[in-house]
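S.K.: Sequence and predicted structure are below.
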Amino acid sequence: MSIPKIGFGTYKLNGTSGANSIKHAIDNGYRLIDTAYNYENEGAVGQGIQTSKVDRSEVLVTSKLPGRYYHENSIETIQESLYRSQLDYFDLYLLHWPNPEDDHYVEAWETLIEAQKFGLVRNIGVCNFLPEHIDRLEKETGVLPVINQIELHPLFNQKEQRAYNESKGILTEAWSPLGRASSVLEDETLQQIAKSHNKNVGQIILRWEIQLGVVPIPKSSSDKNQLANLDVFDFMLSDSEMMNINSMSRPDGRTHDQNPETYQEF
Ligand SMILES: NC(=O)C1=CN([C@@H]2O[C@H](COP(=O)(O)OP(=O)(O)OC[C@H]3O[C@@H](n4cnc5c(N)ncnc54)[C@H](OP(=O)(O)O)[C@@H]3O)[C@@H](O)[C@H]2O)C=CC1
Ligand SMILES: O=C(O)C(=O)[C@@H](O)[C@H](O)C(=O)CO
């Protein structure tokens with residue numbers, strides 16, 4: 001699968017205003033759109049694509065299977081996602097969380113393998129999977145995900161998980177790549193780097209992620225931020241700037257308390 005270097009997150013973009021933001025994102029240049037069954041906005045994504053100036057075939061659309069459908073009629077869940085989004089297929093469909101306590105993610109993965117055979121989805125992957133979860137998928141089904149979408153930003157840079165993904169040929173996507181616009185945007189080191197490149201802190205963070213070999217999927221409701229977040233391909237961070245940003249990560253740096261070792265989301 002060939003994939004853009006940056007995508008567009010849609011969590012919290014719902015209804016007519018959400019559909020308008022998604023339409024603008026596509027017209028502004030985004031070609032990778034990230035949604036999920038649980039965001040309840042697959043309809044807004046479909047509407048955004050239909051009203052944009054871009055043909056559906058030029059846009060990669062990702063959605064995700066929620067934990068509550070890991071063991072029954074999941075194919076129908078994917079079909080419902082497609083009906084809502086008015087699409088014939090998803091380019092990428094992911095398991096949203098491993099939900100290890102529930103322990104149904106291998107069955108759910110088998111369903112995604114089926115859905116791919118039926119042509120409902122072109123590529124399949126996971127989110128928030130730790131090495132032990134992916135090892136089990138490989139062992140029990142022989143099929144590896146193409147993507148692992150994980151929380152990743154300067155305060156939580158996922159060095160080990162990135163290395164594991166790479167060792168398996170799995171692309172890492174970064175969710176909440178701007179740390180959900182938290183205090184990270186006020187960080188002094190990042191502000192200094194931003195000033196020296198005549199960019200804003202958001203652009204520095206996205207550029208850092210791209211140079212790490214990760215695909216960030218920032219969400220923005222505004223044209224201004226959507227355009228700024230795409231304007232990250234005319235400069236490079238130096239090795240020492242990369243190292244400075246790498247050193248900001250800390251074990252408790254997650255935006256919310258969502259450790260996939262124990263976190264359950266249905
Ligand atoms: N698989 C998973 O488990 C998860 C997946 N995701 C996916 O990742 C996507 C992105 O993550 P998300 O949690 O939305 O958070 P982000 O890190 O993308 O941050 C979004 C926030 O940043 C603001 N923002 C955007 N651009 C800029 C900028 N250049 N400067 C300053 N502020 C900016 C936005 O405001 P404004 O809208 O006003 O521009 C919004 O408040 C989600 O939308 C979703 O698609 C997210 C969480 C979990
Ligand atoms: O947004 C997503 O994809 C999620 O998985 C949610 O858990 C989100 O991270 C959240 O914060 C819900 O409270």
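M.R.: The structure has been received and is ready for your questions. Predicted, not measured: the structure shown is a model, and the values here were computed from it. Numbering: from 1, shown residues only. Ligands and ions are numbered 1, 2, ... in the order given.

S.K.: Would you mind naming what in the stretch 1-150 of the chain lies close to ligand 2?
M.R.: Applying CB under 6 Å from any ligand atom, we find that the stretch 1-150 of the chain lies next to ligand 2 at 11, 36, 96. Backbone N, C-alpha and C define where each C-beta goes, glycine included.

S.K.: What is the burial count for the second one?
M.R.: Residue 36: 23 surrounding residues under other CB atoms under 10 Å.

S.K.: gap between the nearest residue to it once chain neighbours are set aside and ligand 1?
M.R.: Take residue 36 and drop its neighbours on the chain: the residue closest to it by CB to CB, 6 or more residues apart in numbering is residue 64, 3.8 Å away. From residue 64 over to ligand 1 the distance is 6 Å, taken as CB to the nearest ligand atom, to the nearest Å.

S.K.: Contact partners for residue 64?
M.R.: Contacts were defined as CB atoms under 8 Å, 6 or more residues apart in numbering; by that measure residue 64 touches 35, 36, 37, 38, 93, 94, 95, 96, 127.

S.K.: Closest one to residue 165 out of these, please.
M.R.: Comparing these against residue 165 with CB to CB picks out residue 127 as the nearest, at 11.9 Å.

S.K.: and the closest one, how many neighbours?
M.R.: When neighbours are counted by other CB under 10 Å, residue 127 registers 24.

S.K.: Residue 38 now?
M.R.: Burial measure for residue 38: 18 neighbouring residues, criterion other CB under 10 Å.

S.K.: ok, the residue lying closest to it once chain neighbours are set aside - contacts?
M.R.: The shortest distance from residue 38 to any non-neighbouring residue, by CB to CB, 6+ apart, is to residue 66 (4.7 Å). Under the criterion of CB under 8 Å, 6+ apart, the contact partners of residue 66 comprise 36, 37, 38, 77, 96, 265, 266.

S.K.: what do you get for residue 44?
M.R.: Counting by CB under 8 Å, 6+ apart, residue 44 touches 10, 13, 14, 15, 16, 18, 19, 22.

S.K.: The host helix or strand of it: what's the following helix or strand?
M.R.: Assessed by DSSP states H and E, residue 44 sits inside helix 42-51. The helix or strand immediately downstream of helix 42-51 is strand 60-65, counting by DSSP H and E.

S.K.: now the angle from that next one to helix 42-51?
M.R.: Here strand 60-65 runs at an angle of 170 degrees relative to helix 42-51 (axes from the mean of the first three to the mean of the last three CA atoms, to 10 degrees).

S.K.: per-residue pLDDT, the residue nearest to residue 36?
M.R.: Residue 64 is assigned a pLDDT of 98 by the prediction.

S.K.: Residue 71 now?
M.R.: According to the per-residue confidence, residue 71 scores 84 in pLDDT.
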